[in-house]
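Engineer: what's the 3D shape of this:
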Amino acid sequence: MEEKKTARIPDGFDPNGPGIANGNYFGLPFAPEESSLVLIPVPWDVTVSYREGTALGPGAILDASLQVDLYDVHCPGVWKRGIGTAELDDTWPLRSRMLREEARRVIEHWETGGSPDSESLRRRLRRVNEGAERLEAEVYAEASRWLDAGKTVGVVGGEHSVPLGLIRAVAERHPGLGILHVDAHADLREAYEGFVRSHASIMFNALREAPSLASLVQVGVRDFCDEEARLAADDPRVTMFDGPGLSASKFAGESWHSLCERIVARLPQQVYVSFDIDGLTPQYCPHTGTPVPGGLTFDEAVYLLSRVAASGRRIVGFDLCEVAPAPSGDDEWDANVGARMLYKLCLFALSSE
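Structural biologist: Predicted coordinates for the structure are as follows:
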């Protein structure tokens with residue numbers, strides 16, 4: 001591996017010792033200004049349509065990340081290039097909770113057969129949609145600040161609507177960008193339940209609002225509607241390696257390596273990875289907002305990311321979304337898996353530069 005510039009490691013930091021709760025992911029001792037990669041936590045959980053909890057994901061992943069050993073067999077020593085954590089905007093959790101109450105009433109309205117002509121419904125939808133647009137603008141501005149400083153940027157969600165601002169910022173700086181989208185859902189709805197910045201619409205919005213986007217390669221999708229199937233079939237930028245199709249290929253004897261090579265071949269040189277944790281099998285993320293049977297194993301997902309990096313393509317940004325801790329607070333499995341996947345995303349992004 002080519003030698004890369006490393007960040008300054010403070011005296012006394014022991015990479016083999018226990019993680020230190022210093023407010024940084026993985027307990028790393030780097031300020032974002034001196035890091036090659038900056039993580040932006042976005043605790044936001046407004047438009048979720050089934051189970052709540054992803055707003056707690058960034059904090060739960062932070063806590064669990066202290067148990068991650070820094071040595072990595074795929075990318076030994078790459079952490080030394082610096083992984084910093086941006087300061088959390090402390091208005092985001094409060095605004096998320098307030099808007100979630102509005103969204104909950106909208107969802108209840110639909111589920112009880114309410115009229116679409118209701119004035120109170122329109123007001124609530126307007127408040128939620130305006131709040132989501134404001135968040136997108138803020139994430140875009142924060143991401144742009146770090147991208148312009150020469151950093152690779154990753155968003156830690158939160159529901160899957162939150163990285164749109166980052167995707168837009170990255171796409172502006174990398175015309176011809178491709179998205180590798182690992183998810184149980186296609187997220188290609190124009191809107192869902194009236195929410196135009198829905199967690200179910202992130203890829204529709206990315207295709208619409210990032211006109212320089214060259215390709216969207218979806219992996220593991222296994223729960224989507226007619227509208228999304230039509231869009232995927234009609235838009236030449238979209239390639240779907242759906243879950244049933246991947247399973248059929250494996251059952252017929254095709255290796256995961258061969259499938260990964262086919263997936264990677266659909267990606268351009270500059271790649272953004274959007275990773276919804278429910279793209280994995282539910283055993284890894286039992287408390288995520290919308291779990292679906294099937295999916296990738298952890299090792300399959302890591303191998304896919306490794307093949308992207310090994311191909312010579314550059315991972316220029318990423319997000320990890322929809323990690324939700326157990327409501328009881330006594331099961332850290334989701335956060336444990338999320339922290340380890342986040343670390344892999346960081347390392348493969350850094351090693352691909």
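Engineer: what ranges do the strands span in the stretch 251-353 of the chain?
Structural biologist: Applying DSSP state E, counting those that start in this stretch to the stretch 251-353 of the chain gives strands spanning 270-276, 314-321.
Engineer: In CSV, please show the C-alpha coordinates belonging to the host helix or strand of residue 101.
Structural biologist: Per DSSP states H and E: residue 101 is located in helix 91-111. C-alpha atoms of helix 91-111 as CSV (Å, rounded to 0.1, in the frame of the first residue of the first chain):
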residue,chain,number,x,y,z
THR,A,91,-30.4,21.7,17.8
TRP,A,92,-30.8,18.6,15.6
PRO,A,93,-32.0,16.2,18.2
LEU,A,94,-34.5,18.7,19.6
ARG,A,95,-35.9,19.6,16.2
SER,A,96,-36.0,15.9,15.3
ARG,A,97,-38.2,15.2,18.3
MET,A,98,-40.5,18.1,17.6
LEU,A,99,-41.0,17.3,14.0
ARG,A,100,-41.4,13.6,14.8
GLU,A,101,-44.5,14.4,16.7
GLU,A,102,-45.9,16.2,13.7
ALA,A,103,-45.0,13.3,11.4
ARG,A,104,-46.5,10.8,13.8
ARG,A,105,-49.8,12.6,13.6
VAL,A,106,-49.6,12.7,9.8
ILE,A,107,-49.0,8.9,9.8
GLU,A,108,-51.9,8.3,12.2
HIS,A,109,-54.1,10.5,9.9
TRP,A,110,-53.3,8.3,6.9
GLU,A,111,-53.6,5.0,8.8
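Engineer: pLDDT on it, on average?
Structural biologist: In this model, helix 91-111 carries a mean pLDDT of 95.
Engineer: Run through the neighbouring helices and strands of that helix.
Structural biologist: Helices and strands touching helix 91-111, by 3 or more CB pairs under 8 Å, 6 or more residues apart in numbering; DSSP states H and E, are helix 119-148. (Each C-beta comes from the backbone N, C-alpha and C, glycine too.)
Engineer: mind listing what's buried in the helix it packs on?
Structural biologist: Neighbour-count burial for helix 119-148 flags 121, 124-125, 128-129, 131-132, 135-136, 138-140, 142-147 (criterion: 16 or more other CB atoms under 10 Å).
Engineer: just to revisit the earlier point, how about TSV for the strands of the stretch 251-353 of the chain, with mean pLDDT added?
Structural biologist: As requested, the strands of the stretch 251-353 of the chain are arranged in TSV below (pLDDT from 0 to 100):
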stretch	mean pLDDT
strand 270-276	98
strand 314-321	98
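Engineer: Figure out which of the ones you listed is closest to residue 21.
Structural biologist: Nearest to residue 21, of all these, is strand 314-321, at 20.2 Å by CB to CB.
Engineer: what's the spacing between the nearest residue to residue 109 once chain neighbours are set aside and residue 201?
Structural biologist: Nearest residue to residue 109 in three dimensions, chain neighbours excluded: residue 121, at 5.4 Å (CB to CB, 6 or more residues apart in numbering). Applying CB to CB, to the nearest Å, the value for residue 121 to residue 201 is 18 Å.
Engineer: how about low-confidence regions in the protein?
Structural biologist: 1-4 (pLDDT under 70).
Engineer: for it, what spans make up the helices?
Structural biologist: For the chain, applying DSSP state H gives helices covering 57-65, 91-111, 119-148, 164-173, 202-209, 226-234, 243-251, 256-265, 298-310, 333-351.
Engineer: Neighbours of the closest residue in space to residue 172 that isn't next to it in sequence, how many?
Structural biologist: Using CB to CB, 6+ apart and skipping residues adjacent in sequence, the residue nearest residue 172 is residue 212, 7.2 Å away. Residues near residue 212, counting by other CB atoms under 10 Å, number 12.
Engineer: now swap in the one 5 residues further on and tell me
Structural biologist: Using other CB under 10 Å as the criterion, residue 217 is surrounded by 22 other residues.
Engineer: so what's it bridging to?
Structural biologist: Under DSSP bridges, the beta-bridge partners of residue 217 are residue 180, residue 239.
Engineer: before we move on, the earlier item: what would the helices of the chain look like in JSON lines with distance to residue 23?
Structural biologist: Compiled in JSON lines, the helices of the chain are given as follows (distance: least, CB to CB, whole Å):
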{"stretch": "helix 57-65", "distance to residue 23": "8"}
{"stretch": "helix 91-111", "distance to residue 23": "15"}
{"stretch": "helix 119-148", "distance to residue 23": "17"}
{"stretch": "helix 164-173", "distance to residue 23": "21"}
{"stretch": "helix 202-209", "distance to residue 23": "28"}
{"stretch": "helix 226-234", "distance to residue 23": "39"}
{"stretch": "helix 243-251", "distance to residue 23": "37"}
{"stretch": "helix 256-265", "distance to residue 23": "35"}
{"stretch": "helix 298-310", "distance to residue 23": "26"}
{"stretch": "helix 333-351", "distance to residue 23": "15"}
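Engineer: do you know which of those lies nearest residue 46?
Structural biologist: Using CB to CB, the helices of the chain put helix 91-111 closest to residue 46, at 4.6 Å.
Engineer: Pull the residues that contact that closest one.
Structural biologist: 42-47, 49, 52, 55, 118, 121, 124-125, 127-128, 131-132, 135, 138, 193-195 (CB atoms under 8 Å, 6 or more residues apart in numbering).
Engineer: now with 6 Å?
Structural biologist: 43, 44, 45, 46, 47, 55, 121, 124, 127, 128, 131, 193 (CB atoms under 6 Å, 6 or more residues apart in numbering).
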